[in-house]
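Chemist: I'd like to go over a predicted model; first the sequence, then the structure.
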Amino acid sequence: MDFAVIEKLTSLAKSSGVTVIEVEENGTKIRIENGAIVLNSGFAPTASGSVAPASSAPLVNDPASSGFYYISSPLVGIFCSLEKMSKSNFAEGDLIDVDTLVCGVEAMKLICDVKSDVKGTFVEYLVKDGDQVEFGQSLVKIKI
């Protein structure tokens, strides 16, 4: 898929107020949510305008095939560990229940709580305290 097309779709989504656009071409499915790109094929756009395999944390939450669930950032901001929020961080192997507070994302001096959508075992934080995070970026890995 051509990167210029992706840019135009993203711009259209932002300017029109449309919250979600989905496009599929040659097996690559792209979903634009609130102006942020979410790829459902494990591929990412390159600077040259083509689409290449993604090398970072998975963008797809497919627990059935991977056995893991990734909790993503609800907004753009700064990652806040539980420790920064005056709570105890999770350690590998800790049990997590639905609606358990796992971290926070700070934007405009306010911290947005990020809670688990699933029940499982904590594996790891995928970002460090103070890191800039994007909307939809994977923050926490949970084994389900």
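Modeler: It's in.

Chemist: From the recorded domain assignment, give the ranges for this structure.
Modeler: Using automatic domain parsing, the domains assigned to the chain come out as 3-53, 63-143.

Chemist: got these as JSON lines, with mean pLDDT and mean neighbour count columns?
Modeler: (Each C-beta comes from the backbone N, C-alpha and C, glycine too.) Formatted as JSON lines, those follow (pLDDT from 0 to 100; neighbours: other C-beta atoms under 10 Å):
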{"stretch": "domain 3-53", "mean pLDDT": "61", "mean neighbour count": "14"}
{"stretch": "domain 63-143", "mean pLDDT": "89", "mean neighbour count": "16"}
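
Chemist: And residue 89, how far from residue 4?
Modeler: Using C-beta to C-beta, to the nearest Å, residue 89 is found at 42 Å from residue 4.

Chemist: pretty sure residue 144 contacts residue 67?
Modeler: Yes. Counting by C-beta atoms under 8 Å, residue 67 is a contact partner of residue 144 at 6.6 Å.

Chemist: residues in contact with the helix or strand harbouring residue 114?
Modeler: According to DSSP states H and E, residue 114 maps onto strand 110-115. Here strand 110-115 makes contact (C-beta atoms under 8 Å, 6 or more residues apart in numbering) with 71, 73-75, 77, 80, 85, 99-106, 139-140.

Chemist: Downstream of that strand, the next helix or strand is which one?
Modeler: strand 120-125.

Chemist: Quickly run through the sheet partners of that following strand, with directions.
Modeler: Sheet pairing of strand 120-125 (DSSP bridges) gives strand 95-96 (antiparallel), strand 138-143 (antiparallel).

Chemist: do you know which of the ones you listed lies nearest residue 12?
Modeler: strand 138-143 (25.8 Å; C-beta to C-beta).
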